[in-house]
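1. let's see this in three dimensions:
(one chain, ligands or ions: 3)
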Amino acid sequence: MKGISPALAIACTLALAAACTSGGDRTAEGGGTEPGEVRVIATGLRDPYEIVWGPDGYIWATEKSGGRVTRVDPANGRKTVALTVEDAVHTPGGQDGVLGLALHPDLLTGKGRDWVYVAHTYADGRDHRTKIVRYTYDQAGQVLKNPRDILAGLVAGVDHQSGKLRFGPDGKLYYTIGDQGANQFALYCETIRAQTLPTAAQVDAGDWSAYQGKVLRLDLDGSVPADNPEFGGVRSHVYAVGFRNAQGLAFTPSGLLYGTDQGPKSDDEVNLLRPGKNYGWPHVAGYRDDKAYVYAQWAEAKNGCASETFNDYAIPSDVPYAEESDWNDPDFTPPLVTFETVADDFDFQADTDCVNPATQFVCWPTLALSSLEAGPSGTLLATSLKDGAVYRIPLTSGGEKAGTAARIADTVNRYRDTALDPGGGTLFIATDSAGLTRDENDSPTPVLKNPGAILAYEL
Ligand SMILES: [Ca+2]
Ligand SMILES: [Ca+2]
Ligand SMILES: [Ca+2]
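-> Residues are numbered from 1 along each chain as shown. Ligands and ions are numbered 1, 2, ... in the order given. Next up, the predicted model:
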């Protein structure tokens, strides 16, 4: 699997070993076996998307397909619905719905700022959009009330929404918005706009249509912070550019901001996010190394995009493409870590268990990183959808670099997000309700062990 022999893959799984390394340069794997049991805390959630430990000792969860915000008692798994988002839209199988969740640090401290921020998709006429809404928590009724739109009219779709929301130590909100799945699969004739910059006229008009593939930074009333970076001489909500599907976003105690990005067939990334920087997509996947990725621009096909059939392995002669080294930007910032950077001649179709085109993506070397959390002792914890594991990544050099990752909490699930208890000893893991992952033999399976659950793992 993943370019290694089935026998070795099975041996690795049985041993719960992390070092299933052969095939390409498996940059960030390796490390020791991690004992530990994964416990079930709660079930019956509908695609929990973002989970956060609350000051009330509950785990707060958005439910992407369930259209809710639910509080879960970690002691007994009991669920209390705090909010049903009446105007949320979700497409079956889609990445849209109720997504990001952030709690104001003053929540339940009696300062009059019992605020909870929720990001969700909604219908705007025939279009779907995303908005970030502030609710006020009514502790007596245990419900979220008084919605106030913070930022509405963001681009939305069914693929690559990203949609993670953080309350920063600087008192700003941070939000990831993906490339909308353009230039691949059913949307292969759409152009990726992760490098498209908003104009001053767009910002003045409240037109956020250039925000795809970005990390945004907002004042709490939704306005553009005065100290946001400028791109092309224009200050907007955009904090950093060049992302594909950035589902992980985490501040460490030292105040540094990290994010993940999902690679196309190789090169999932962990990035140190800085204002004004360019993280490369779609010109670069992972490092700017010309390995196993070129940027094919299907929308620019000379014979017309509609005349071509999308193919992930071969680019038709009339579709223009560029090598990574054909592009350069002085603000390009490579990742700290990739999962996996493979050799340029890597055969993405070599896995004989993965010949079904509908499930083949599960066998590609990428893990589909889906969240990021600052863990104990200077680590980052990233979850994987395709691998059903948590990757514990040690930070080094004051957080400027990362060491070799260890693979923990391995199950047959799609891990979507995590939360830590205040002591940092228990990691809670939210799982998707449906979808494909890798089974014990690393073959694609739709059979998830704990669908729609919150699990716990002692670090
Ligand atoms: Ca979380
Ligand atoms: Ca990148
Ligand atoms: Ca690369």
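
2. tell me the SS of residue 180?
-> Under the three-state scheme (DSSP: H, G, I helix; E, B strand; the rest coil), residue 180 adopts coil.

3. you'd agree it is up against residue 160?
-> Yes. Residue 180 lies in contact with residue 160 (CB atoms under 8 Å); the separation is 5.5 Å. The C-beta positions use only the backbone N, C-alpha and C, and glycine is treated the same way.

4. other residues contacting stretch 312-321?
-> Under the contact criterion CB atoms under 8 Å, 6 or more residues apart in numbering, stretch 312-321 has outside partners 184, 265, 294-298, 300-303, 308, 348-349.

5. quick check: closest non-adjacent residue to the closest residue to ligand 2 within the stretch 351-459 of the chain.
-> Residue nearest to ligand 2 within the stretch 351-459 of the chain: residue 369 (11.9 Å; CB to the ion). The shortest distance from residue 369 to any non-neighbouring residue, by CB to CB, 6 or more residues apart in numbering, is to residue 260 (4.1 Å).

6. the one helix or strand the one you found maps to: what's the following helix or strand?
-> In the assignment (DSSP states H and E), residue 260 maps to strand 257-261. With elements assigned by DSSP H and E, the helix or strand that comes after strand 257-261 is strand 268-273.

7. at contact distance from ligand 3, anything in that following strand?
-> No. Against ligand 3, strand 268-273 shows no contacts by CB under 5 Å from the ion, the least distance being 9.8 Å.

8. now do that strand, average pLDDT.
-> In this model, strand 268-273 has a mean pLDDT of 98.

9. for the protein, which residues are neighbours of ligand 3?
-> By CB under 5 Å from the ion, the part of the chain that sits against ligand 3 consists of 285, 286, 287, 289.

10. format those as CSV; extra columns: neighbour count.
-> Listed next are these as CSV, based on neighbours: other CB atoms under 10 Å:
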residue, neighbour count
285, 29
286, 28
287, 16
289, 17
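
11. tell me, which of these make contact with ligand 1?
-> Taking CB under 5 Å from the ion as the test, ligand 1 is in contact with none of the residues of the chain next to ligand 3.

12. among those, which ones are in helices?
-> Per DSSP state H, helices hold no members of the residues of the chain next to ligand 3.

13. closest to ligand 1 out of these?
-> residue 286 (24.6 Å).

14. strands of the stretch 1-150 of the chain, start to end?
-> 38-42, 48-53, 59-63, 68-72, 79-84, 98-103, 115-124, 127-138, 143-155 (DSSP state E, counting those that start in this stretch).

15. ignore what I typed, I meant the stretch 201-350 of the chain.
-> For the stretch 201-350 of the chain, the strands defined by DSSP E, counting those that start in this stretch cover 214-218, 230-231, 234-235, 238-241, 249-251, 257-261, 268-273, 295-296, 321-322, 337-339.

16. how about the stretch 351-459 of the chain?
-> Remark: strands assigned in the stretch 351-459 of the chain by DSSP E, counting those that start in this stretch are 369-375, 379-384, 390-396, 401-402, 406-408, 415-420, 426-431, 437-438, 444-445, 454-458.

17. what helices or strands is the fourth one leaning on?
-> Right, the one you point to is strand 401-402. strand 390-396 (3 or more CB pairs under 8 Å, 6 or more residues apart in numbering; DSSP states H and E).

18. measure how the strand it packs on sits relative to strand 268-273, angle-wise.
-> Between strand 390-396 and strand 268-273, the angle comes out at 40 degrees (axes from the mean of the first three to the mean of the last three CA atoms, to 10 degrees).

19. okay, now the sheet partners of strand 390-396, with direction.
-> Strand 390-396 sits in its sheet next to strand 379-384 (antiparallel), strand 401-402 (antiparallel), strand 406-408 (antiparallel), going by DSSP bridges.

20. return the most buried member of those strands.
-> Among the strands paired with strand 390-396, strand 379-384 has the highest mean neighbour count (mean count of other CB atoms under 10 Å), at a mean of 26.

21. okay, residue 399: pLDDT?
-> 98.

22. next one: residue 357
-> At residue 357, the pLDDT value in this model is 85.

23. over to the one 3 residues further on?
-> The model reports residue 360 with a pLDDT of 91.

24. burial count for it?
-> Look at residue 360: counted by other CB atoms under 10 Å, it has 18 neighbours.

25. before we move on, back to that, for ligand 1, which of the strands of the stretch 351-459 of the chain is the nearest?
-> Relative to ligand 1, the nearest member of those by CB to the ion is strand 415-420, separated by 4.6 Å.

26. point out the residues in the chain that sit beside ligand 2.
-> 269, 279, 280.

27. which one of these sits closest to residue 451?
-> residue 269 (27.4 Å; CB to CB).

28. neighbours of the closest one, how many?
-> By other CB under 10 Å, the residues close to residue 269 number 30.

29. looking at it, it is touching residue 335, isn't it?
-> Yes. At 3.8 Å, residue 269 and residue 335 qualify as touching, with contact defined as CB under 8 Å.

30. report the set of residues contacting both of those two.
-> Common contact partners of residue 269 and residue 335 (CB under 8 Å, 6+ apart): 261, 279, 286.

31. now the residues you listed as a markdown table including pLDDT?
-> Output for these, formatted as a markdown table (pLDDT from 0 to 100):
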| residue | pLDDT |
| --- | --- |
| 261 | 98 |
| 279 | 99 |
| 286 | 98 |
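
32. quick check: the closest residue to residue 73 other than its chain neighbours vs residue 347, distance?
-> Sequence neighbours aside, residue 58 is the residue nearest to residue 73 in space, at 5.9 Å (criterion: CB to CB, 6+ apart). Residue 58 sits 48 Å away from residue 347, taking CB to CB, to the nearest Å as the criterion.

33. same check, this time on residue 270
-> From residue 270 over to residue 347 the distance is 26 Å, taken as CB to CB.

34. so which of the two has more stuff around it?
-> Legend: neighbour count by other CB under 10 Å for residue 270 and residue 347, higher for residue 270 (25 against 12).

35. is the more buried one in contact with residue 394, as I believe?
-> No. Here residue 270 does not reach residue 394: they are 11.5 Å apart, not a contact under CB under 8 Å.

36. residue 212: neighbour count?
-> Neighbours of residue 212 under the rule other CB under 10 Å: 28.

37. contact partners for the residue nearest to it when sequence neighbours are not counted?
-> Nearest non-adjacent residue to residue 212, counting by CB to CB, 6+ apart: residue 193, 4.6 Å away. By CB under 8 Å, 6+ apart, the contact list for residue 193 reads 179, 180, 182, 210, 212, 213.

38. ditto for residue 288
-> If a contact means CB under 8 Å, 6+ apart, then residue 288 has 280, 324, 325, 327, 328, 332, 334 as its contacts.

39. out of those residues, grab the one that's most surrounded.
-> In those, the most neighbours by other CB under 10 Å go to residue 280, 29 neighbours.

40. test my guess that that residue contacts residue 242.
-> Yes. In this structure, residue 280 is within contact of residue 242 by CB under 8 Å, at 4.8 Å.

41. need the residues touching each of these two.
-> Here residue 280 and residue 242 share the contacting residues residue 332, scored by CB under 8 Å, 6+ apart.

42. for residue 157, see how far away whatever residue of the chain ends up closest to ligand 3 is.
-> Nearest residue of the chain to ligand 3 (CB to the ion) works out as residue 286 at 4.0 Å. Look at residue 286 and residue 157: by CB to CB, they are 24 Å apart.
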